[in-house]
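> kindly generate the corresponding structure for this input.
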Amino acid sequence: PENIRITNISSTSFSVSYTTKQAVTGVVSFGKDETLGQIVFDDRDQKSGTPNIYQTHHVTIKNLTPSTQYFFSITSGEDSFLNNSVPFEVKTGSIIIQEPPVQQPLSGKIVLPDGGIPSEALVYVTSTNAQQLSTITKDNGSYILPLNSMLNSNLSSYMALSENIHIAMLISTDSLSSTVSLFPTQIDPVPVIILSQNYDFTQESAPF
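Down below sits the predicted model:
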């Protein structure tokens, strides 16, 4: 596994994403101690219960306990991977009483340089003093992320995105990536992104 990221942390869930050079199955083993013990499939396989092979992997672990330390490892193909010989660690956030803000979702579409559609790509979104959110694109290259679930960096409250705040996006496959900067007024939808090109819509010039 490469480019491992922990995102979408809430009081009851978090996501683990990464890429692999070859298409392989990917699952996350997790638990409240280093013995782990529970297994979760890729988001695309959780309904069927049958793992499939991918090069971009996105696994969401749900129904967790708030304010609790969790440990996990990644099984990629036939091999298990740790973080320098010990399990990865992540702590869930505390319960937030406030209501989520009214906020448009971030949505758009990704295409390849030749105009084709990537079979799979990861989309990451963050902002100043905010946590990182992520999702995986659909078969047609589209994506959607509900930004009203975005928390601040210490996971203590929801983020209220003002009109002039910068939103940063990273879109990646196993071999291509693009960075995007834009304002909250430009997220629904985001202009079409050609993978491998970078965009700064806050400067009204793209791509560069």
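> where are the low-confidence patches of this structure?
Where the chain drops to pLDDT under 70, the residues are 204-208.
> how much space between the residue nearest to residue 55 when sequence neighbours are not counted and residue 78?
Computed as Cβ to Cβ, 6 or more residues apart in numbering, the closest residue to residue 55 that is not its neighbour in sequence is residue 174, at 4.4 Å. Placement of C-beta: from N, CA and C, glycine included. Computed with Cβ to Cβ, to the nearest Å, the distance linking residue 174 and residue 78 is 19 Å.
> the two - which one has more neighbours?
Neighbour tally, residue 174 and residue 78, criterion other Cβ atoms under 10 Å: the higher count belongs to residue 174, 20 against 7.
> host element of that one?
Residue 174 belongs to no helix or strand when assigned by DSSP states H and E.
> in this structure it contacts residue 20, no?
Yes - Residue 174 lies in contact with residue 20 (Cβ atoms under 8 Å); the separation is 6.7 Å.
> name the residues contacting each of these two.
Any residue near both residue 174 and residue 20 by Cβ atoms under 8 Å, 6 or more residues apart in numbering counts here, and that gives 2, 55.
> so which bits of stretch 150-161 are buried?
Within stretch 150-161, the residues that count as buried by 16 or more other Cβ atoms under 10 Å are 150, 151, 152, 155, 158, 159, 161.
> go on, stretch 117-130?
For stretch 117-130, a neighbour-count test (16+ other Cβ under 10 Å) marks 118, 120, 121, 122, 123, 124, 125, 126, 127, 130 as buried.
> just the C-alpha atoms of it, please, in PDB.
Output of stretch 117-130 as PDB, limited to C-alpha atoms (Å, rounded to 0.1, in the frame of the first residue of the first chain):
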ATOM      1  CA  ILE A 117     -13.100   8.100 -17.700                       C
ATOM      2  CA  PRO A 118     -10.800   6.700 -14.900                       C
ATOM      3  CA  SER A 119     -12.000   3.400 -13.700                       C
ATOM      4  CA  GLU A 120     -11.300   4.500 -10.100                       C
ATOM      5  CA  ALA A 121      -9.900   7.600  -8.400                       C
ATOM      6  CA  LEU A 122      -9.700   9.000  -4.900                       C
ATOM      7  CA  VAL A 123     -10.900  12.500  -4.000                       C
ATOM      8  CA  TYR A 124      -9.600  14.400  -1.000                       C
ATOM      9  CA  VAL A 125     -10.900  17.700   0.300                       C
ATOM     10  CA  THR A 126      -9.700  20.000   3.100                       C
ATOM     11  CA  SER A 127      -9.600  23.600   4.100                       C
ATOM     12  CA  THR A 128      -7.800  25.900   6.600                       C
ATOM     13  CA  ASN A 129      -8.000  24.400  10.100                       C
ATOM     14  CA  ALA A 130     -10.200  21.600   8.900                       C
END
